[in-house]
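*Asks:* Sequence and predicted structure, then a few things I'm wondering about:
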Amino acid sequence: MNRVLVPLADGFEEIEAINIIDVLRRGGIEVLVASLGEKGSVRGAHNVTVLSDMSINDVVVENLDMIVLPGGWDGTVALRDDANVQRILKEMDKKGKSIGAICAAPLVLESAGVLKHNYTCYPTIEKQIREDGFSDKNMVVEDANVLTSRGPATAICFGLQIVKKLQGEKKYSEVKSALLAEYCD
């Protein structure tokens, strides 16, 4: 079974995190939710609390197939500034493992030096990353081992693209149909 790490920090964007976790689990992917610091509750940008499965300190890269970072400004800044998150991203990239980020979170990838040339993000964040390679034409942009997406409204489509990448076209189509997500093409 494919295993995906979703690290959460206080101030994460709930729509993005919950939709991605839910879609991946519907797609038969094991999702590990990690909090910064100790295992426990993480409060989102709109006061929704999520319980983590583990601490980021206990993550073993060899046991992962992908890492996916939700946005939310405060959560993004915390992920960017966390030494373990930066280390994990660099190790994942070095091993050619898949990396994903949505909304403001491509900023974390840029900070780690793993964001590829072509990407998308929440409008205006590209000014803090770089405008070269930025696209606002697609909901999801894939470049090498990195997938990026725009924001809350694209979270289901982003999750589905991850399912397609890790589980294949058949599982993608099944989950997409069950979610009535025809708009995600």
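*Replies:* Sure, I can see it. Numbers count the residues shown, from 1 in each chain.
*Asks:* Going by C-alpha atoms from here, please, whenever you check contacts or count neighbours.
*Replies:* OK.
*Asks:* Buried residues of stretch 76-95, list them for me.
*Replies:* 76-80, 82, 84-86, 88-90, 92-93 (16 or more other CA atoms under 10 Å).
*Asks:* mind listing the strands for this structure?
*Replies:* Assigned by DSSP state E, the strands in the chain fall at 3-8, 30-35, 41-43, 49-51, 54-55, 66-69, 98-102, 140-143, 146-149.
*Asks:* Take those and lay them out in CSV including mean neighbour count.
*Replies:* What follows is the strands of the chain, written out as CSV (neighbours: other CA atoms under 10 Å):
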stretch, mean neighbour count
strand 3-8, 24
strand 30-35, 21
strand 41-43, 19
strand 49-51, 16
strand 54-55, 18
strand 66-69, 26
strand 98-102, 27
strand 140-143, 19
strand 146-149, 28
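*Asks:* tell me the centre residue of this protein?
*Replies:* residue 68 (2.5 Å; CA atoms, centre = their mean).
*Asks:* ok, now which ones touch that one?
*Replies:* 4, 5, 6, 7, 99, 100, 101 (CA atoms under 8 Å, 6 or more residues apart in numbering).
*Asks:* beta partners of the residue nearest to it when sequence neighbours are not counted?
*Replies:* Nearest residue to residue 68, sequence neighbours excluded (CA to CA, 6 or more residues apart in numbering): residue 100, at 4.3 Å. Judged by DSSP bridges, the bridge partners of residue 100 are residue 68, residue 147.
*Asks:* Next one: residue 100 from residue 136, what distance?
*Replies:* Using CA to CA, to the nearest Å, residue 100 is found at 17 Å from residue 136.
*Asks:* For residue 114, give its distance to residue 151.
*Replies:* Distance, residue 114 to residue 151, using CA to CA: 20 Å.
*Asks:* Show me which of the two is the more surrounded one.
*Replies:* residue 151 (25 against 20; other CA atoms under 10 Å).
*Asks:* who's in contact with the nearest residue to that one once chain neighbours are set aside?
*Replies:* Using CA to CA, 6+ apart and skipping the chain neighbours, the partner closest in space to residue 151 is residue 103 (4.2 Å). Neighbouring residues of residue 103 by CA under 8 Å, 6+ apart: 70, 71, 72, 121, 122, 149, 150, 151, 152.
*Asks:* Now do residue 103, the pLDDT please.
*Replies:* According to the prediction, residue 103 has pLDDT 98.
*Asks:* how close does it get to residue 57?
*Replies:* 24 Å.
*Asks:* surely residue 42 meets residue 50?
*Replies:* Yes: contact criterion CA atoms under 8 Å: residue 42 and residue 50 qualify, at 5.3 Å.
*Asks:* Contact partners for the nearest residue to residue 13 once chain neighbours are set aside?
*Replies:* Leaving aside its sequence neighbours, residue 13 sits nearest to residue 72 (CA to CA, 6+ apart; 4.2 Å). Residues counted as contacts of residue 72 (CA under 8 Å, 6+ apart) are 11, 12, 13, 45, 103, 104, 105.
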